[in-house]
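J.: This is a predicted model, with the sequence first.
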Amino acid sequence: MTVLRSLWTLGAVCAATALLAACGGSDDNNSGERSVGSLRLIGQQILPRRMEYQGTVVGGISGIDYDEKSNQFILLSDDRTTSDSANAPRMYTVRLNYDTSSFSGVQFLSTFSMKQPNGAVYPKVPDPLVADPESVRIDRATGNYVWVSEGDRTLASGTTAARIIDPFIREIRPDGTHVREYQIPAMFRMSADNTGPRGNLAFEGIAFTPDNSRAAVLMEGALLQDGPASTTTAGSVSRITMFDRSTGAAVAQYAYPVDKVQAVPVPADQFTVSGATEILALSSTRFLVLERSFSVGVVGNQARLYEINTANATNVLATSALAGSSYTPVTKRLVLDFEALKAQLGGIANLEGITFGPKLANGRDSLVVVADDNFPTADSATDRNQYLVFEVLP
């Protein structure tokens, strides 16, 4: 086991602690539903740059979930290129040491590689079977893990060969072996044509409803046929697809309005992105959604946490293109603008994973947020192994 202490730790009683002033949903009840009115920062951990654990480079953490039975968390690494590391895509089990007043450490317990249906580990780019892991959830009934891969849409250019790889949703056992695959609607198949997901804007999050019957799968950005990607002047629209967990088939889908890019890049013609990076269920219709915006030349990322509701949204599963169509999207309520914590935290990294953790001593929920550090060689306010813990307030 490896125990890591923070480079610096934030106490609970900080002058800039974020409190949110919006009302939440119904109180927690026996159905497993939750409410999130506001959040209070407990603390932060930043792991050392490119630290090693059992021969692997710890980084690229794109997903996290909590296992109440073992009091452990599962982390998902999206390591997919040889420049990231020599390791295959993998998961880690960890223990996060925190209480209502402090977050004192991250304790690594084990690691394992996910397996393909044929039993082999996943290869690296440019192999056509490469995976891009982005989110994971633990099945409370079986203990298995369900994870999503974003796929790839790299068009041929010069000496670079095209990679057209579909996103997927797969279930594995805790040892990494394959169990089954969900049925992906045709609209999510990657194509070199002007249809389907954009590269690096496909499946990004997954959540199980409290009754464990459905899985909500979140697109990071707009399908090509649904309209343009977000810019500094306008947002876009992605889709949240509900899958029946017993059959693995899609049964409903809702339009999700993605925010515009939050900061103008420097210079102004450089790369920007704004997308939804994770989803977490509060009830069968209410979810938390994490959004992240990034602009070249701007220190850090701009992240926001929303509560959304699908109850009155149009089912667009049969709508092939949202552009030009009439529909009602999900509603959004801002829970936290992480920009309010930027100075206190020393920067906001590429936040991509969220989960509820164990109940705190006062009976309230804890919420954990983690960042994908993108495997750079130097730590920065933009790219770091950042772990944040919050107390959920009603």
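T.: Nice, I can see it.

J.: what helix or strand does residue 308 sit in?
T.: Using DSSP states H and E, residue 308 sits in strand 302-309.

J.: ok, now residue 294?
T.: Using DSSP H and E, residue 294 falls in strand 286-295.

J.: Does anything pack onto that strand? Which helices or strands?
T.: The contact analysis (3 or more Cβ pairs under 8 Å, 6 or more residues apart in numbering; DSSP states H and E) places strand 286-295 against strand 203-208, strand 272-281, strand 302-309, strand 351-356. C-beta: built from backbone N, CA, C; applies to glycine.

J.: what's stretch 259-267 in contact with?
T.: Contacting residues not belonging to stretch 259-267 are listed as 230-235, 271-274, 291, 293, 295-298, 302, 304, 339 [Cβ atoms under 8 Å, 6 or more residues apart in numbering].

J.: just stretch 183-192 next, same as before
T.: The contact list for stretch 183-192, computed with Cβ under 8 Å, 6+ apart, reads 151-153, 155, 162, 164-169, 195-197, 202-203, 223, 225, 241, 243, 247-250, 253, 317, 320.

J.: Now restrict the residues you listed to buried residues only.
T.: 151-153, 164-169, 195-197, 202-203, 223, 225, 241, 243, 248, 250, 253 (16 or more other Cβ atoms under 10 Å).

J.: Sitting in strands, which of the residues you listed do you find?
T.: Among these, the residues falling in strands (DSSP state E) are 152-153, 164-165, 168-169, 203, 241, 243, 250, 253.

J.: Please name whichever of the helices and strands packed on strand 286-295 is nearest to residue 332.
T.: Taking Cβ to Cβ, strand 302-309 is the member of the helices and strands packed on strand 286-295 nearest to residue 332, at 4.7 Å.

J.: How many residues are close by residue 157?
T.: 8 (other Cβ atoms under 10 Å).

J.: Could I get the phi/psi values of it?
T.: Backbone torsions of residue 157, given as degrees, to the nearest 10, read phi -150, psi 120.

J.: just to revisit the earlier point, adding mean pLDDT and distance to residue 175, write the helices and strands packed on strand 286-295 out as a markdown table.
T.: Below are these laid out as a markdown table (pLDDT from 0 to 100; distance: least, Cβ to Cβ, whole Å):
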| stretch | mean pLDDT | distance to residue 175 |
| --- | --- | --- |
| strand 203-208 | 98 | 20 |
| strand 272-281 | 98 | 25 |
| strand 302-309 | 98 | 33 |
| strand 351-356 | 98 | 21 |
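
J.: Of those, which is nearest residue 106?
T.: It's strand 351-356; of the helices and strands packed on strand 286-295, that one is closest to residue 106 (Cβ to Cβ) at 13.4 Å.

J.: And for residue 185, the neighbour number?
T.: Residue 185 has 14 neighbours, counted by other Cβ under 10 Å.

J.: Backbone dihedrals for it, please?
T.: With angles defined as degrees, to the nearest 10, residue 185 sits at phi -60, psi 150.

J.: Dead centre of the protein: give me the residue that sits there.
T.: Closest residue to the average C-alpha location of the chain: residue 278 at 3.2 Å, with Cα atoms, centre = their mean.

J.: ok, it - contacts?
T.: Contacts for residue 278 (Cβ under 8 Å, 6+ apart) come out as 63, 135, 204-205, 218, 289-290, 352-354.

J.: Which of those sits closest to residue 388?
T.: Nearest to residue 388 among the contacts of residue 278 is residue 354, at 9.4 Å by Cβ to Cβ.

J.: Distance check, that closest one against residue 68.
T.: To residue 68, residue 354 is 16 Å away according to Cβ to Cβ, to the nearest Å.

J.: what's the answer for residue 47, then?
T.: Computed as Cβ to Cβ, the residue 47 to residue 68 distance reads 24 Å.

J.: neighbour-wise, which of residue 354 and residue 68 wins?
T.: The neighbour comparison of residue 354 against residue 68 (other Cβ under 10 Å) goes to residue 354, with 25 against 12.

J.: Residue 348 and residue 305 touch, don't they?
T.: No. The criterion here is Cβ atoms under 8 Å, and residue 348 misses it with residue 305 at 11.6 Å.

J.: list residues touching both of the two?
T.: residue 338.

J.: any low-confidence regions in the stretch 101-250 of the chain?
T.: Scanning the stretch 101-250 of the chain for pLDDT under 70 picks out no residues.

J.: what about the strands in it?
T.: Assigned by DSSP state E, counting those that start in this stretch, the stretch 101-250 of the chain shows strands spanning 103-113, 133-138, 145-149, 152-154, 163-165, 168-172, 178-181, 203-208, 214-219, 236-244, 250-258.

J.: The last one pairs with which strands, and in what direction?
T.: Each strand pairing with strand 250-258, determined using DSSP bridges, is listed with its direction: strand 236-244 (antiparallel).

J.: Tell me the buried residues in the partner strand?
T.: Neighbour counts over strand 236-244 (16+ other Cβ under 10 Å) mark 236-243 as buried.

J.: Centre of the chain to it, how far?
T.: Taking Cα atoms, centre = their mean, to the nearest Å, the mean C-alpha location of strand 236-244 is offset from the chain mean by 14 Å.

J.: Alpha carbons of it, as CSV, please.
T.: These are the backbone C-alpha positions of strand 236-244, laid out as CSV (Å, rounded to 0.1, in the frame of the first residue of the first chain):
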residue,chain,number,x,y,z
SER,A,236,-24.1,23.6,-28.0
VAL,A,237,-26.3,20.6,-27.2
SER,A,238,-25.3,17.0,-26.3
ARG,A,239,-27.4,14.0,-25.4
ILE,A,240,-28.1,11.9,-22.3
THR,A,241,-29.2,8.4,-23.1
MET,A,242,-31.0,6.1,-20.7
PHE,A,243,-30.2,2.4,-21.0
ASP,A,244,-32.2,-0.4,-19.4
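
J.: I'd like to check the angle between that strand and strand 168-172, please.
T.: Using axes from the mean of the first three to the mean of the last three Cα atoms, to 10 degrees, the direction of strand 236-244 lies 40 degrees away from that of strand 168-172.

J.: Give me the buried subset of the contacts of stretch 259-267.
T.: Among those, the ones that count as buried by 16+ other Cβ under 10 Å are 230, 235, 272-274, 291, 293, 295, 298, 302, 304, 339.
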